[in-house]
Every structure is written in structure tokens, then in C-alpha cells.
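Novice: Based on what follows, work out the 3D shape:
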Amino acid sequence: MDYKKEYKKYLTSSILDTANNKIASNSFISAFAIYLGLTDFAIGIYALLDTMTNVIQIFAATLFSKIGQDKKSNIN
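Specialist: You can find the predicted model right below:
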């Protein structure tokens, strides 16, 4: 197992997770969106984004574990 490669994947995953939480958790962004005149639909999609990304994170561990793995081939 290449620990350096696994560490880089873990670091990338944690950076993306932290960025998502910082952007989506700020309640002032919704108020700013209303101030800018975004439609209710757009604000609803933005509010749903945080929940959807949390659901996607369930499958992200599998995805990140498969990144960089070579496919096994049957050579005769």
C-alpha cells in the first residue's frame, strides 16, 4: 500500500469537505442571495446543495478508494 498516495487522497477529500461546509453553512449567503434578487427556486437549490453533498459523501469513500487503482487483467 502506498501511504503517500493514500494520504494525498485523504487530504484532497478533507479539503473539499471543509470547503463545502464553510461555503454552505453560512446563513448570510442566503440573505445575500435574496438581496441580489435570486429566485426562490435558485435559493431552494442552494439550500438543498448542502444536504445533497452530505448524501454524496456516503459514496465518496468508495470513489476515493478506487482512484488510482489499476484494473486487474488476466494475462495468459
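
Novice: Which parts of the chain are helices?
Specialist: 3-24, 27-36, 40-66 (DSSP state H).

Novice: Quick one: list the elements packing against the first one.
Specialist: I take that to be helix 3-24. Applying 3 or more CB pairs under 8 Å, 6 or more residues apart in numbering; DSSP states H and E, one finds that helix 3-24 contacts helix 40-66. Every residue, glycine included, has its C-beta placed from N, CA and C.

Novice: List the buried residues of the helix it packs on.
Specialist: For helix 40-66, a neighbour-count test (16 or more other CB atoms under 10 Å) marks 43, 53 as buried.

Novice: mean confidence for it?
Specialist: Across helix 40-66, the average pLDDT comes to 80.

Novice: From here on, call the first residue 492.
Specialist: That works, and once the first residue is 492, the last one we named lands at helix 531-557.

Novice: helices or strands up against that helix?
Specialist: Secondary elements touching helix 531-557 (3+ CB pairs under 8 Å, 6+ apart): helix 494-515, helix 518-527.
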